[in-house]
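A.B. asks: Got a sequence here, can you model it:
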Amino acid sequence: MKKDTGVVLVSNRGPVSFIEGDDGFSLKKGAGGLAGAMDPVARELGEEAVWIAAATSETDRKALAAGQVEKLPEELGYRVRLLDIDPDTYSRYYDVVSNRMLWFANHCLWDELEIGGFGEAELEAWEAAYVPVNEVFASAVLEESEADDLILFQDYHLAVSPRLVREQRPQQTIFHFTHSSFCSEGYDRLPEPVRKGVIEGLLGADLLGFHVSSWVNAFIDCCEKTGHSVDRERGCIEHDGTTTWVRAYPIPIDAASLEELADSETVRIWGDRFLEEASGPTVVRADRTEPSKNIVRGFEAFGALLDRREDLRDVTFFACLYPSRQTMDEYRRYLEKINETITTVNDRHPDAIRMFLKDDYERTLGALSIYDVLLVNPIMDGMNLVSKEGVAVNRRDGALVLSKGAGSYDELGDYAVKIANALDIEETASAIERALEVTQDERRIALRRARELVEATKPEHWIYSQIDDLESIAERGEPRSSASPRTSTGTVS
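C.D. replies: Numbers count the residues shown, from 1 in each chain. Here you go, the predicted structure:
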């Protein structure tokens, strides 16, 4: 990266959130892979970086008003700007449009959730909340940046922002990364103003990033269907006399830090506790209660396996889950369905599934450290870091069961028992069965090779590869990286 190049990081959620206590405000690290990947790079850039995000909670807004954000450079080493957005507007931007319309489109969940279409309320939320919030972000970017800075927008919450900045500064170098999957068919069912707004908004960027080639290709498909000129070999879309490049950047985990945490006393105590509770082999999953994670079918498949294999009824399924987006009806209903399914399976096979419903990362790592089988069976998933985290911390030569819908399948599919169709309960049951029967030597070899792969890249490699491509685009008009990333052939099963 060039010296003195300014970098503006832009995301809905910032690197930290505020917690209010009797002694004032304290900080909590931002959740998810985005904060973990971007924060170390922002710290390294120091004064050359600024991170723009929304104040996503009432506590964040109070901390902002109290001047706490101004103190963050002392803690983080770089500036943070939090945007105070009207709570009702923010709710419609976040819940109605971002996490209902766009998230469900990106994961092709319309049929899964029996959503037939959208009406005036959703269109009003798009026009009166989503677009205006993107305008607030774009204005902040223009205020915080110079014309030669690199702008890195993050995720589907800010799909319109690249175009808004481009309209004001045609020569700005702009990047947008989508952290979810992308489903061309999902966009077919969005109202035309939303579909058109998202695609044209993203095409305001010089470079678009997705985790894997499947999502790159799906976005190019969507652009082609909407009448844009695409060049698949070069990986770009031509529009309005300009070019937008599209590339895959698989996000890694910080394996070294994770392994250090997994070796802590608390995590080991949790791991030992799980083993004490188990009467035989263990199956583990760790997820948000998110419909795209396909949790219900995973439990149904496990129940079906126990139904027909009496000799496997000593297997215990530990599920470390935490509630997600409970302000939305679809998510509340999905959590109810999870509970109902667990009850149904446990009625037939008492205590076969043991769920822990709380965001307790050390407990989750304890479970990941002791699995014999890790079940990762999403319908669609941008990456799925749990599959990588499990590989990094497991100490029992556990086998990974992985559906092709997970972005991580491109990297880990060669070392996993695969599920080709995540909607097929019997296929999922058979995959768990095969994983339980894989020999110890085969499991050890597969885990070792997968761990070597996971440990080979670091979060800073991920973001610096994006910055290198942006600098190359600014200099010579095209990225350095190839348009044809590797995909897995899946050789274990």
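A.B. asks: all helices for the stretch 251-400 of the chain, in order.
C.D. replies: 255-262, 265-277, 295-308, 329-348, 361-370, 385-393 (DSSP state H, counting those that start in this stretch).
A.B. asks: Would you indicate which residues of the lowest-mean-pLDDT helix or strand in the chain are buried?
C.D. replies: Across the helices and strands of the chain, mean confidence by mean pLDDT, DSSP states H and E is lowest for helix 32-45: a mean of 83. Under the neighbour-count criterion of 16 or more other CB atoms under 10 Å, helix 32-45 has 33-42, 45 buried. In this view, the C-beta of every residue, glycine as well, is placed from N, C-alpha and C.
A.B. asks: Name the residues of the strand or helix carrying Glu75 that come out as buried.
C.D. replies: Assigned by DSSP states H and E, Glu75 falls within helix 72-76. In terms of neighbour count (16+ other CB under 10 Å), helix 72-76 has its buried residues at 72, 76.
A.B. asks: what packs against it?
C.D. replies: On a contact count with 3 or more CB pairs under 8 Å, 6 or more residues apart in numbering; DSSP states H and E, helix 72-76 meets strand 16-21, helix 32-45, strand 79-83.
A.B. asks: What mean pLDDT does stretch 447-456 get?
C.D. replies: The average pLDDT within stretch 447-456 is 98.
A.B. asks: what sits up against that stretch?
C.D. replies: 252-253, 255-256, 388, 391-392, 394, 397-400, 411-412, 414-416 (CB atoms under 8 Å, 6 or more residues apart in numbering).
A.B. asks: Just the buried residues of the residues you listed.
C.D. replies: If we count by 16+ other CB under 10 Å, the contacts of stretch 447-456 have these buried: 252-253, 255, 388, 391-392, 394, 397-400, 411-412, 414-416.
A.B. asks: so of these, which ones are in strands?
C.D. replies: Taking DSSP state E as the definition of strands, the buried ones among the contacts of stretch 447-456 contribute 399-400.
A.B. asks: Could you chop the protein up by domain?
C.D. replies: 7-251+460-476, 255-456 (automatic domain parsing).
A.B. asks: a markdown table please, covering those and showing distance to Ser482.
C.D. replies: As requested, the domains of the chain are exported to a markdown table (distance: least, CB to CB, whole Å):
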| stretch | distance to Ser482 |
| --- | --- |
| domain 7-251+460-476 | 8 |
| domain 255-456 | 14 |
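A.B. asks: so which of the ones you listed gets nearest Ala483?
C.D. replies: domain 7-251+460-476 (2.9 Å; CB to CB).
A.B. asks: Do a quick rundown of the strands in the stretch 101-250 of the chain.
C.D. replies: Using DSSP state E, counting those that start in this stretch, the strands found in the stretch 101-250 of the chain span residues 150-154, 173-177, 207-210, 229-231, 236-239, 242-248.
A.B. asks: Including mean neighbour count and mean pLDDT, could those strands go into CSV?
C.D. replies: Formatted as CSV, the strands of the stretch 101-250 of the chain follow (neighbours: other CB atoms under 10 Å; pLDDT from 0 to 100):
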stretch, mean neighbour count, mean pLDDT
strand 150-154, 27, 98
strand 173-177, 25, 98
strand 207-210, 27, 98
strand 229-231, 15, 97
strand 236-239, 20, 96
strand 242-248, 22, 97
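A.B. asks: Mind checking the ones you listed for the one nearest to Asn134?
C.D. replies: Per CB to CB, nearest to Asn134 of the strands of the stretch 101-250 of the chain: strand 150-154, 9.5 Å.
A.B. asks: Good, wrapping up.
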